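Visitor: Provided below are the primary sequence and the corresponding predicted coordinates.
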Amino acid sequence: MPSLASLTAIIALLGLVAASPVDIQKRKTFTVSQVERKQFIKNGAAQTAKTFRKFGVKVPAHILAAAAAGPNGTVAAVPSDAYDSLYLSPVDVGGTTLHLDFDTGSADLWCFSSLQASAQLTGHDYYKADASKKVSGASWKISYGDGSGASGTVYADKVVVGGVTATSQAVEAATSVSTQFQQDRDTDGLLGLAFSSINTVKPTAAKTFFDNVKANLASPVFAVTLKYHAAGTYDFGFLDSTKYTGDITYTSVKTTNGFWEFTSTGYAVGSGSTTTASIDAIADTGTTLLYLPSAVVKAYYAKVTSAQNSNTYGGWVFPCSTTLPDFTLVIGGSKQVVPGKHINYAPVQTGSTTCYGGIQDNTGIGFSIFGDIFLKSKYVVHEMSSTPRIGFAQQ
Ligand SMILES: O=C(c1ccc(-c2ccco2)nc1O)N(Cc1ccccn1)C1CC1
């Protein structure tokens, strides 16, 4: 059976033959433009199921489930500056590509929008709020631990991350953002990946992007691979064994506060022995540093020459030339090592030879936060199954 393309060509040729001789004289040459076939992501499981069926073999349930799933997806996570202060990922929000900070410590997808004063939009890509998509009576307001925040109204629009589509995602369009966000011209908003229970939309909480798409994925998981001074990835729906070494160690997650919250059972400094402790912590891609109990932090910097807890600089600092010891945290019985090199965050001011530590006190926060300083040497699996769990492996 000739393909549509060849039929089209034949009809075109017949059309030429039917033309008057003069036309043919005028049309010495013609071009049949090929249209590239729209690329589509092959679903390997679907191919496998097809092969099983072709040879009359019963398709195993797990292959059927994966075959039924839509495409999984991967998106880049690119450091915003030389110190990995935050990581940005391209997201299609209602037809505009925005660069969002994926944040496992919050549950709102909000972005700079056409509703803001134009002065606030300088240097930003922003969501073009479409009145026909406005969610009547809905608003949002979020405050972050560093004192930053934003607020606005809500739209239901299409959001695409790495080929994974949420057809009617609550897009929280900002009408106002705090100074910190106005000054950061790289970040066009946040995409929350914590639990929807802490979403701030009122009167009815909205679902996160992941909550909206997880049923369509091969598996209700996303995996985070942030890197030291390099681009990493967020994978949705699958695990990628090329991105880690050794085993993934899982531990249970407490969801009552809406975070990916777990307990670390001990720590070690450099090659020292492990101290048993019970450290209540959350995994949080949206927090730059690693915040731990003061006793643990003190034990670490006791092994750093000339380290001091500076009032001037608001935390632990040391000479930038220092060779820092590694730091180990025990999770699920496995030792997760943070390379010493990752614990030098940045000079306290441009050009200074005093550097700010990547490990700081969690005093006043109420729990520990395993932010990017910890995460950027790990492959972290977030499994939102009936009993959510989190898994860690070494990159
Ligand atoms: O920035 C936040 C943060 C994230 C989400 C929310 C929130 C309020 C309402 C819904 O979500 N509130 C936060 O504060 N950190 C990190 C943090 C906290 C305190 C000090 C420094 N860093 C949350 C994840 C722990």
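Guide: Now that the structure is in, tell me what you want to look at.
Visitor: Against N362, how distant is whatever residue of the stretch 51-200 of the chain ends up closest to the ligand?
Guide: Nearest residue of the stretch 51-200 of the chain to the ligand (Cβ to the nearest ligand atom) works out as G145 at 2.1 Å. Glycine gets a C-beta too; all of them are placed from N, C-alpha and C. Per Cβ to Cβ, to the nearest Å, G145 is found 10 Å from N362.
Visitor: Which one's more surrounded, the two?
Guide: Counted by other Cβ atoms under 10 Å, G145 and N362 do not tie: N362 has more neighbours, with 19 against 15.
Visitor: Just list the residues touching the more buried one, thanks.
Guide: Applying Cβ atoms under 8 Å, 6 or more residues apart in numbering to N362 gives the contacts Y291, L292, P293, S294, S368, I369.
Visitor: Name the nearest residue to it, sequence neighbours excluded.
Guide: Of all residues beyond its chain neighbours, the one nearest N362 is Y291 (4.0 Å), with distances taken as Cβ to Cβ, 6 or more residues apart in numbering.
Visitor: quick one: contacts for the one you found?
Guide: Here Y291 is in contact with Q360, D361, N362, I365, S368, I369, G371 (criterion: Cβ under 8 Å, 6+ apart).
Visitor: Check those residues and tell me the two furthest apart.
Guide: Farthest apart among the contacts of Y291 by Cβ to Cβ are D361 and G371. That separation is 13.3 Å.
Visitor: More neighbours: these two, which one.
Guide: G371 (24 against 19).
Visitor: and the more buried one, backbone torsions?
Guide: Main-chain torsions, G371, degrees, to the nearest 10: phi -90, psi -160.
Visitor: Please report the distance of it from the ligand.
Guide: As judged by Cβ to the nearest ligand atom, to the nearest Å, G371 and the ligand stand 8 Å apart.
Visitor: Surely that residue is in contact with A281?
Guide: No. The criterion here is Cβ atoms under 8 Å, and G371 misses it with A281 at 10.2 Å.
Visitor: Give me the below-cutoff pLDDT ranges for the stretch 51-200 of the chain.
Guide: 62, 65-70 (pLDDT under 70).
Visitor: At the contact with the ligand, which residues of it appear?
Guide: Selection of the stretch 51-200 of the chain residues close to the ligand by Cβ under 6 Å from any ligand atom yields G105, S106, I142, S143, Y144, G145, D146, I198, T200.
Visitor: Of those, just the buried ones, PyMOL syntax please.
Guide: Those of these that count as buried under 16 or more other Cβ atoms under 10 Å are selected in PyMOL with:
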select buried, resi 105+106+142+144+198+200
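Visitor: Would you confirm that T74 contacts G232?
Guide: No. Using Cβ under 8 Å, T74 is not in contact with G232, being 10.4 Å away.
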